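[1] sequence and predicted structure are below.
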Amino acid sequence: MVKPSEARIRARMEEKDTEELLAIWEANDRSAYGEEVFSVIRTILLERGVTPNQQRSPKASDPKSARRSSEENGFLSFRTMVSGAIIKVLYAVVAAAITIAGIMMIVSGLQEDRLLEGAGAGLALLVVGNLLWRLICEGLILLFSIHEVLVSIERKLP
């Protein structure tokens, strides 16, 4: 079965004439075209009865540009997000604190015979507090997940 992305690539590449496909194939520019594109080009050329020539070696990248690229995509550029892991740890710590505070309020309310004020507030803190904290953390993680998807789309664009 052909993947939708391969079908789109194939449709775009079939529009090109054989000479243009051969030029792309021989240039072997991996920064402009991905592995799937070269696979599709090879298939189309073979279907057109043309045996693809030997590809050039991919160009060696400039060490300065490689360093610049790693800096642009790295930790210091904020392209690599650590927030998801931090939010998950913070969620566990604060959820435990909310739970402990709620249990302490319930116990305190039961000991002082203040069921509605102490025990009720403690039970509300246990349920509502943990639920609200969970929703806040999920919202933050959702924002960072959207960011990761957008960055991955940006990287795939030529």
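    Done, it's in.
[2] ok, Glu148 - contacts?
    Contact analysis of Glu148 by Cβ atoms under 8 Å, 6 or more residues apart in numbering lists Met81. C-beta: built from backbone N, CA, C; applies to glycine.
[3] name the SS class of it, please.
    Three-state call for Glu148 (DSSP: H, G, I helix; E, B strand; the rest coil): helix.
[4] measure the closest residue to Ile98 other than its chain neighbours to Leu150 for me?
    Distance criterion Cβ to Cβ, 6 or more residues apart in numbering; nearest residue to Ile98, sequence neighbours excluded, is Gly129 at 4.5 Å. Gly129 is 32 Å from Leu150, where distance means Cβ to Cβ, to the nearest Å.
[5] ok, these two, which is more surrounded?
    Gly129 (18 against 10; other Cβ atoms under 10 Å).
[6] and the more buried one, how far from Ser108?
    Taking Cβ to Cβ, one finds Gly129 at 16 Å from Ser108.
[7] ok, and for the longest helix seen in the chain, which residues are buried?
    Selection of the longest helix in the chain by residue count, based on DSSP state H, yields helix 83-111. By 16 or more other Cβ atoms under 10 Å, the buried positions in helix 83-111 come out as 87, 91, 94, 98, 102, 105-106, 109.
[8] could you do stretch 114-123 as well?
    Buried, per 16+ other Cβ under 10 Å, within stretch 114-123: 118-119, 121-123.
[9] residues making contact with it?
    If you take Cβ under 8 Å, 6+ apart as the criterion, stretch 114-123 is touched by 101-110, 112.
[10] now find how far off-centre that stretch is within its chain.
    Put simply, stretch 114-123 sits 43 Å off its chain's centre (Cα atoms, centre = their mean, to the nearest Å).
[11] what is the end-to-end distance of that stretch?
    Stretch 114-123 stretches 13 Å from its first residue to its last (Cα to Cα, to the nearest Å).
[12] repeat that for stretch 29-36.
    Stretch 29-36: ends 13 Å apart by Cα to Cα.
[13] run the chain-centre distance for it.
    On Cα atoms, centre = their mean, the centre of stretch 29-36 falls 21 Å from that of its chain.
[14] for the host helix or strand of Ala7, which positions count as buried?
    Assigned by DSSP states H and E, Ala7 falls within helix 4-14. For helix 4-14, the buried set under the neighbour-count rule, 16+ other Cβ under 10 Å, comprises 9-10, 13.
[15] okay, buried residues for the following helix or strand past it please.
    For helix 4-14, the following helix or strand on the C-terminal side (DSSP H and E) is helix 18-27. Buried residues in helix 18-27, counting neighbours by 16+ other Cβ under 10 Å, are found at 21-22, 24-25.
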